[in-house]
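Novice: What would the 3D arrangement of this be:
(one chain, ligands or ions: 1)
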Amino acid sequence: MPLRAVTGHRSLIGLLARAVSRDTLPPTLLFAGPEGVGKRTVAFALAQAINCETPVRMQPLPKAADDISELDACGSCRSCQRIERRLHGEVLLVEPGDTGVIRIDPVREVLDRSGYRPFEGRTRVVILDEADTLMGAAQNALLKTLEEPPSSSVFILVSSRPEALLPTVLSRCPRLRFGPLSAAELVGLLVKDHGYNETDARAVAATADGSLGRALRMNSGDLARAREGASRSLQGAVATKDPQRRLAYAKDLIAKKDVAATDREALVLRLGAMRSLLRDVGLVNSRADHAALANADLESELTKLAAAYERGEEGRVLRAFSAVGRALGAITARNASPKIVADWLMLQL
Ligand SMILES: [Zn+2]
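Specialist: The predicted model follows:
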């Protein structure tokens, strides 16, 4: 996939494309950021841009801006196709084996090869995915190469936990920080590439924290139902101040029904959905663009909730949002009783 077709990360991608055009790409790079946001996809796209036989401009060049060229892969030449199909002899991927770690042998193999000039294509690209799983000896073996990379080679370390890498490795690799994808970008990917319908995609994206990897591990039906439950509980909370009536809604928060195997999982799913809904309520009340809403398909419910929260005392949405965060912390990190957490939370909303 060429760089221009990658979802999200526009400024990073612009930076990389300009570096390719000007031949100023550093020979070692660290792609750091949350898992499942497309770091490895960008690494392969970059490998295509570097090795494409007939590169194209990423965007039509505006007049009077002739030096800001951003070259990208054509996506269809022999080199692009071979990289896409992972058959290119000079684009090498090293990733953890069945044991979950990268041992020294595959690293040695790559290092041995990088002693020779690339045969196919102009530049060898070595992608070390989940580089934080490199064993100590493997990282040490890499050090010298990262320090003096062979000409015509680019080493890309990809990691969602860069702090697990040796400081000596980190200091040799300029770091590019990838952020989470936006909810709208996630919805687009889920619908376009993974066959989700719009409603399920929205429900999943709203609680996936910008990670496609996380979104794909979630059961969209469960999440859609969890979101309905969270929305009902919030509406119940804003409709009454009576503690007894509010506590009645707490039961809904932990009702397993068909969303989860245990009370705890059911509550975690609904709290995640509730947090996302409250974030949107805050956005509606601050008159933000509705395109920024994670749950844009529930616009009428959000508008009603936002109006109810706006009628309440100052800062109520923020307090509710942070209460949900505390409830999630109690249930996931401190193993609190789901019933006690749900009761407590319903009185805070
Ligand atoms: Zn090409």
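Novice: Please enumerate residues in contact with the helix or strand containing residue 203?
Specialist: Take DSSP states H and E as the rule and residue 203 turns out to sit in helix 198-207. Outside helix 198-207, the residues that touch it by CB atoms under 8 Å, 6 or more residues apart in numbering are 183-184, 186-187, 190-191, 196, 215, 218, 220-221, 223-224, 226-227, 269, 272-273, 275-277, 294-298. Using the backbone N, CA and C atoms, a C-beta is placed for each residue, glycine as well.
Novice: just checking, which of those belong to helices?
Specialist: Per DSSP state H, helices hold the following members of these: 183-184, 186-187, 190-191, 215, 220-221, 223-224, 226-227, 269, 272-273, 275-277.
Novice: okay, the helix holding residue 203 in CSV with CA atoms only?
Specialist: What follows is helix 198-207, C-alpha atoms only, in CSV (Å, rounded to 0.1, in the frame of the first residue of the first chain):
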residue,chain,number,x,y,z
GLU,A,198,-21.7,1.5,10.2
THR,A,199,-23.5,0.9,13.6
ASP,A,200,-21.2,-1.9,14.7
ALA,A,201,-18.1,0.0,13.5
ARG,A,202,-19.2,3.0,15.5
ALA,A,203,-19.8,1.0,18.6
VAL,A,204,-16.4,-0.7,18.3
ALA,A,205,-14.5,2.4,17.4
ALA,A,206,-16.0,4.3,20.3
THR,A,207,-14.2,2.1,22.8
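Novice: In that helix, which residues are buried?
Specialist: Neighbour counts using 16 or more other CB atoms under 10 Å place 200, 201, 202, 203, 204, 205, 206, 207 of helix 198-207 among the buried residues.
Novice: do the same with stretch 266-282
Specialist: 266-282.
Novice: One more: stretch 118-130?
Specialist: Buried, per 16+ other CB under 10 Å, within stretch 118-130: 118, 121, 123, 124, 125, 126, 127, 128, 129, 130.
Novice: How about stretch 83-99?
Specialist: Result for stretch 83-99 [16+ other CB under 10 Å]: buried residues 83, 84, 88, 90, 91, 92, 93, 94, 96.
Novice: what number of residues lie near residue 241?
Specialist: Applying other CB atoms under 10 Å, we find 10 residues neighbouring residue 241.
Novice: Likewise for residue 197?
Specialist: When neighbours are counted by other CB under 10 Å, residue 197 comes out with 11.
Novice: show me what contacts it?
Specialist: Applying CB under 8 Å, 6+ apart, the residues near residue 197 are residue 191.
Novice: the bottom helix or strand of this protein by mean pLDDT?
Specialist: helix 198-207 (a mean of 85; mean pLDDT, DSSP states H and E).
Novice: Check the offset of it from the chain's centre.
Specialist: Its chain's C-alpha centre and that of helix 198-207 lie 15 Å apart, by CA atoms, centre = their mean, to the nearest Å.
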